[in-house]
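> Here you go, sequence then predicted model.
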Amino acid sequence: MSTPTKPIPLSRFLIEEQHAGRINAELRLLIEVVARACKGIAHAVNKGALGGVLGDAGTGNVQGEAQKKLDVLSNEILIEANEWGGHLAGLASEEEETFVEIPHAYPRGEYLLLFDPLDGSSNIDVDISVGTIFSVLRSNLSAGEKLENKHFLQPGKQQVAAGYTVYGPSTLLVLSVGHGALVFTLDRETGSFLLTQRDLRIPADTREFAINVSNQRHWFAPMQKYVAELLQGKDGPRGKDFNMRWVASMVADVHRILSRGGIFIYPRDRKEPDKPGKLRLMYEANPMAFIVEQAGGAATDGTRRILDIVPEKLHQRVAVFLGSKNEVEIVTRYHHDAE
Ligand code: AHG
Ligand code: MN
Ligand code: MN
């Protein structure tokens, strides 16, 4: 029997990426700091009721959503960890109305960090997996230029790194710096994230879908047709049975799809017709689309590749169809046919 090779820590992986010329020292520091902050969030999530972190914060965010204590705490942890290191030009968060500037006392760097500090908030109080999603862009600021909203409004294809964590039975960090997607598992004894899977690949075909079916009556025609055909299974035009899962934490649903294939859908619907979807483009859809494409999958908003969308607002919402390539192509074709 061959001896299993010891998994390498995130720090070593990042140094090797730097030596290979795929990331620079500043981006390495950024990812290290985000990972360290996420360990802090994982610790708070794990403590649960014992840490006094469950329940509502009694406040709301700019999206009009009630904030949980853990939404607020995770946001604070990420901002405090990242503002002083000199690797960022600015930050943006689901929980902050406007972008966050680096305090004058601290040095500035070349990157912008955007995040959903705690994804799956509705699952916090019921002990179901939640996570953090993050996206990294270059600020492209010239010397002396003041940081503005427009610097953040770049299409997702310009991301230089993206990742998410899952605070679940184990704490995972899934990362891409544009050369495939990798999984790191937190070793709670040593406190290191260890590389447990390289080169994630999403199977092109699937028999599993994820959607909140309680919204069915609000869906538009292409969605009605697509899901009706999935539900007909072997007896319908698809000729095979499909299974369904919906965790209601995007991190957990997307992680399952990265692990064994599937399609994740949050469509635009008539429930809130003025909103082009529920999920946010810049810190939910873009980083997930980046990782999914790096793993050989696809991500669209029904008609366009997510990563090509030029954002107009920091908290812009978008419809999301992502996962197994052939399945995303089918549902995207149904939307094109309906146009
Ligand atoms: P957040 O907790 O950051 O606001 O995001 C929740 C999102 C996403 O994680 C999940 O896929 C979706 O909302 C669930 O929505 P429903 O409750 O409508 O099913
Ligand atoms: Mn979210
Ligand atoms: Mn959130």
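All right, it came through fine. Being a predicted model, the structure only gives us computed values, none of them experimental. Ligands and ions are numbered 1, 2, ... in the order given.
> could you list every residue that touches the closest residue to ligand 1 within the stretch 1-150 of the chain?
Residue nearest to ligand 1 within the stretch 1-150 of the chain (CB to the nearest ligand atom): residue 121, separated by 3.5 Å. Where C-beta positions appear, they are placed from N, C-alpha and C, glycine not excepted. The contact partners of residue 121, taken as CB atoms under 8 Å, 6 or more residues apart in numbering, are 65, 67, 68, 70, 71, 130.
> just how off-centre is stretch 187-199 within its chain?
Stretch 187-199 sits 19 Å away from the centroid of its parent chain (CA atoms, centre = their mean, to the nearest Å).
> Let me fix that, I meant to ask about stretch 297-313.
That offset, for stretch 297-313, works out to 14 Å (CA atoms, centre = their mean).
> Can you tell me what sits against that stretch?
The contact list for stretch 297-313 (CB under 8 Å, 6+ apart) reads 152-157, 159, 202, 222, 257-258, 267-268, 276-277, 281-282, 285-286, 288-290, 292-293, 318-325, 328-329, 331-332, 335-336, 339.
> could you flag which of those residues are buried?
Among the contacts of stretch 297-313, those classed as buried by 16 or more other CB atoms under 10 Å are 152-156, 159, 202, 222, 257-258, 267-268, 276-277, 281-282, 285-286, 288-290, 292-293, 318-325, 328, 331-332, 335.
> Among those residues, which are located in helices?
Among the buried ones among the contacts of stretch 297-313, the ones falling in helices (DSSP state H) are 152, 222, 257-258, 286, 288-290, 292-293, 325, 328, 331-332, 335.
> Out of the residues you listed, which comes closest to ligand 1?
residue 288 (10.0 Å).
> isn't that closest one right up against residue 254?
Yes - Residue 288 lies in contact with residue 254 (CB atoms under 8 Å); the separation is 5.3 Å.
> all helices of the stretch 151-300 of the chain, in order?
221-232, 250-260, 286-294 (DSSP state H, counting those that start in this stretch).
> Could I get the buried residue list for the second one?
Neighbour counts using 16+ other CB under 10 Å place 250, 251, 252, 253, 254, 255, 256, 257, 258 of helix 250-260 among the buried residues.
> So which elements touch it?
Where contact means 3 or more CB pairs under 8 Å, 6 or more residues apart in numbering; DSSP states H and E, helix 250-260 is packed against strand 130-138, strand 161-167, strand 171-176, strand 208-210, strand 263-266, helix 286-294, strand 320-323.
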